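**Student:** Sequence and predicted structure are below.
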Amino acid sequence: MSMKSAKSHYGTVAITIHWVSAVLIIALLVLGFRASGTLDPIAKASLLRVHAALGVSILLLTLARVAWWRFDSRPDAIGGGPRWQELSAKAVHVLFYLIIIGMAASGIGMFAVSSAAPIVFGGEGSLPDFNQYPPRVPHGVGARAMIILLILHAGAALYHHFIKRDATLRRMWFARRM
Ligand code: HEM
């Protein structure tokens, strides 16, 4: 398989970024909701340590993904479906980028305005109440929007795979091709 995508399938770089991002996003959602629902300050700080580190990682990976698409070209649309499906798939992709960047920015913003970083990473002092800081609102709204997008995105992929039986999901996986 080649690093770059071809007309009919994604390349190894795009596939790796896609699935690593998927795992990171699911881990971030689980860790974020666990952290906000945890009262024990030591457990909360531990969850937030991993959460913040993964949050910055997904931001860097997303920026790397945007940069990568300047070198690579997406495969052709599979076609055969209505135009609205193609357009909504594109809209979901753009929204993913925007929400990931917005979530990372609001998360970093929360740490900055509450001065939580030395407490979370250095263990000094007591954790702030993040609900008192404005970036907490877009962070919570973005998390819920992200879940809706994930359901739409995964639902569409499964619909293509199992109902339409086309290559939409297959071409986003590693396979030896002739
Ligand atoms: C794409 C990246 C991210 C995702 C998907 C994400 C997801 C979440 C979720 C689901 C919550 C819980 C929301 C709620 O209960 O309403 C949360 C809370 C939080 N996240 Fe993130 N997050 C991301 C990035 C970051 C980053 C980069 C930081 C910090 C550097 C951060 C810091 C926090 C903090 C401080 C909370 C609040 C915890 C609390 O309320 O006690 N997040 N995040």
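**Tutor:** Structure received.

**Student:** Just confirm yes or no for the one helix or strand in the chain whose mean pLDDT sits lowest near the ligand.
**Tutor:** Of all helical and strand segments in the chain, the minimum by mean pLDDT, DSSP states H and E falls on helix 117-122, at a mean of 93. No. If you take Cβ under 6 Å from any ligand atom as the test, helix 117-122 misses the ligand, and the best it gets is 7.8 Å. Every C-beta, even on glycine, is put in place using the N, C-alpha and C of the backbone.

**Student:** can you list the residues that contact that helix?
**Tutor:** 45, 48-49, 52, 111, 124-128 (Cβ atoms under 8 Å, 6 or more residues apart in numbering).

**Student:** got it, and stretch 25-40?
**Tutor:** Contacts of stretch 25-40 (Cβ under 8 Å, 6+ apart): 44, 47-48, 50-51, 54-55, 58, 100, 103, 130, 143, 146-147, 150.

**Student:** and if we set it to 6 Å?
**Tutor:** By Cβ atoms under 6 Å, 6 or more residues apart in numbering, the residues outside stretch 25-40 that reach it are 44, 47-48, 50-51, 54-55.

**Student:** Closest one to residue 13 out of these, please.
**Tutor:** residue 54 (20.4 Å; Cβ to Cβ).

**Student:** Pull the number of nearby residues for that closest one.
**Tutor:** Using other Cβ atoms under 10 Å, residue 54 is surrounded by 18 other residues.

**Student:** Then residue 150?
**Tutor:** Residue 150 has 16 neighbouring residues, counting by other Cβ under 10 Å.

**Student:** Please determine how far residue 84 is located from the ligand.
**Tutor:** Computed as Cβ to the nearest ligand atom, to the nearest Å, the residue 84 to the ligand distance reads 27 Å.

**Student:** List the contacts of that residue.
**Tutor:** Contacts for residue 84 (Cβ under 6 Å, 6+ apart) come out as none.

**Student:** Work out for me the element it sits within.
**Tutor:** Counting by DSSP states H and E, the element that carries residue 84 is helix 83-114.

**Student:** hmm, back to that, in TSV, list the contacts of helix 117-122 along with secondary structure and pLDDT.
**Tutor:** Below are the contacts of helix 117-122 laid out as TSV (DSSP: H, G, I helix; E, B strand; the rest coil; pLDDT from 0 to 100):
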residue	secondary structure	pLDDT
45	helix	96
48	helix	98
49	helix	97
52	helix	98
111	helix	97
124	coil	80
125	coil	85
126	coil	92
127	coil	95
128	coil	96
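
**Student:** From the residues you listed, pick the one nearest the ligand.
**Tutor:** When the contacts of helix 117-122 are compared for distance to the ligand (Cβ to the nearest ligand atom), residue 52 comes out closest, at 3.6 Å.

**Student:** What is the burial count for that closest one?
**Tutor:** 23.

**Student:** Fine by me, we can end here.
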